[in-house]
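>>> Return atomic coordinates for the entry below.
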Amino acid sequence: MKKTRTIASALLISTFILGAASPAFADQVAAPTTDATVKFESESLDADNGGNTIDPTNPDGNGVKPDTGEGSTGTKGPLRVDFAPNFKFGTVTMSGNAADYHPLYPKVSLLDETGRVTDPLQAKYVPHYVQVTDNRGTNEGWDLTVSATPFKGTIIDTEADLKATLTLGHSQFSTQVKPVNGKDFKPDTLNTNVTLTTDAKPLIVAKTDQGMGSWAAVFSKDTTATLTDTDRNPNVTLSVPADSKKNPKEEYKSTITWTLSTTPTSTN
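Numbering: from 1, shown residues only. Prediction:
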C-alpha cells in the first residue's frame, strides 16, 4: 500500500509538471467564427412623442409636456416637428407711437423618468421653443422654415390689418444629443433674428450628418432664469407701427407656419 501511494503521487506530480511546461497546446486551440446580425426598420409614419419634448431649460432632465393651448402638438413620422409654440400677447396697452410688445411665457408640465407627467403635478414657465426630431437614421439632413400671415382682425373686421411684424430673436439650441469623439451633430445653421413674413424663411438648417435626434431652438438669451405667469419674453417681439389703426374691441391674429423639409435648402 505504501508503494502504491508513492507511485500515484509521482505520476500526478509528473503530469502537472509536463502540462505546465509545454507551450505547444496553446498553438493548437481551435478558432471558430460566429455571426452577429441586425436589421433596421423605419420608425412608424404615425410615430410621435405624445406631446412630450426635451426641457428647453434642462435638456438633461426627464423632459416636459407643454400645456394645452401653448402650441401645436406636432406632426408625425420619423422626421417631425414635435412642438411649435403659440405666442400669446394677451391684452396690451395701445399707443399712438410705434410700440413693441412681448408674449407671455408658455407653461409646461414636468415629466418623470417614465415619460409621464409627475404626480403630484410639477409645472413651470419656459422660453418659447420649437423642437424637431430626426429618427430616420439616414443622416440626410433637413431644414425648418417659418412664415406668418399678416395680423388681421378676427371679431369685427377680418380685413383689418394691424401692419405689425413678429420677430423671433436670440435663438440657441437645447438638446440631449452630445458630441461623440469630438464630433458635434448640431445643425449647421440656426438663424437668431428672424422677422416673419408671408415668405418662408430658414430658421434651422441641418446638412448631411447633422441634426440627428431631437433639437429645440429656444428663443431666449437666458434659459436659467425662474419665470412666472406674468413674465414676458423679451426675445420675441411684436412691432406695431405708429400708423397702425387699432380697435379695442378687436382681436388680431397671425397664423405661423413651420415647414419641415427632408432636404436642406439655401441658408439665405
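>>> tell me the pLDDT at the nearest residue to Trp142 once chain neighbours are set aside?
Of all residues not flanking Trp142 in the chain, Ala206 sits nearest, at 5.2 Å (Cβ to Cβ, 6 or more residues apart in numbering). Every C-beta, even on glycine, is put in place using the N, C-alpha and C of the backbone. Ala206 carries a pLDDT score of 97 in this model.
>>> surely Ala206 meets Asn139?
No: applying Cβ atoms under 8 Å, one finds Ala206 not in contact with Asn139, separated by 9.4 Å.
>>> Between these two, tell me which one has more neighbours.
Legend: neighbour count by other Cβ atoms under 10 Å for Ala206 and Asn139, higher for Ala206 (24 against 14).
>>> give me phi/psi at that one?
Dihedral pair for Ala206: phi -110, psi 120, per degrees, to the nearest 10.
>>> residue closest to the middle of this structure?
Residue closest to the average C-alpha location in the chain (Cα atoms, centre = their mean): Trp215, at 2.9 Å.
>>> how much space between the closest residue in space to that one that isn't next to it in sequence and Thr257?
Spatial nearest neighbour of Trp215, chain neighbours left out: Thr175 (5.0 Å); criterion: Cβ to Cβ, 6+ apart. Thr175 is 24 Å from Thr257, where distance means Cβ to Cβ, to the nearest Å.
>>> More neighbours: which of those two?
A count of neighbours by other Cβ under 10 Å puts Thr175 above the other of Thr175 and Thr257, at 18 against 13.
>>> which residues touch the more buried one?
Remark: with contacts taken as Cβ atoms under 8 Å, 6 or more residues apart in numbering, Thr175 is in contact with 54, 59, 186, 213-216.
>>> With secondary structure, distance to Gly69 and pLDDT added, can I get those residues in JSON lines?
Shown next, in JSON lines, are those (DSSP: H, G, I helix; E, B strand; the rest coil; distance: Cβ to Cβ, whole Å; pLDDT from 0 to 100):
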{"residue": "Ile54", "secondary structure": "coil", "distance to Gly69": "20", "pLDDT": "96"}
{"residue": "Pro59", "secondary structure": "coil", "distance to Gly69": "24", "pLDDT": "95"}
{"residue": "Lys186", "secondary structure": "coil", "distance to Gly69": "31", "pLDDT": "94"}
{"residue": "Gly213", "secondary structure": "strand", "distance to Gly69": "27", "pLDDT": "95"}
{"residue": "Ser214", "secondary structure": "strand", "distance to Gly69": "22", "pLDDT": "95"}
{"residue": "Trp215", "secondary structure": "strand", "distance to Gly69": "24", "pLDDT": "96"}
{"residue": "Ala216", "secondary structure": "strand", "distance to Gly69": "19", "pLDDT": "96"}
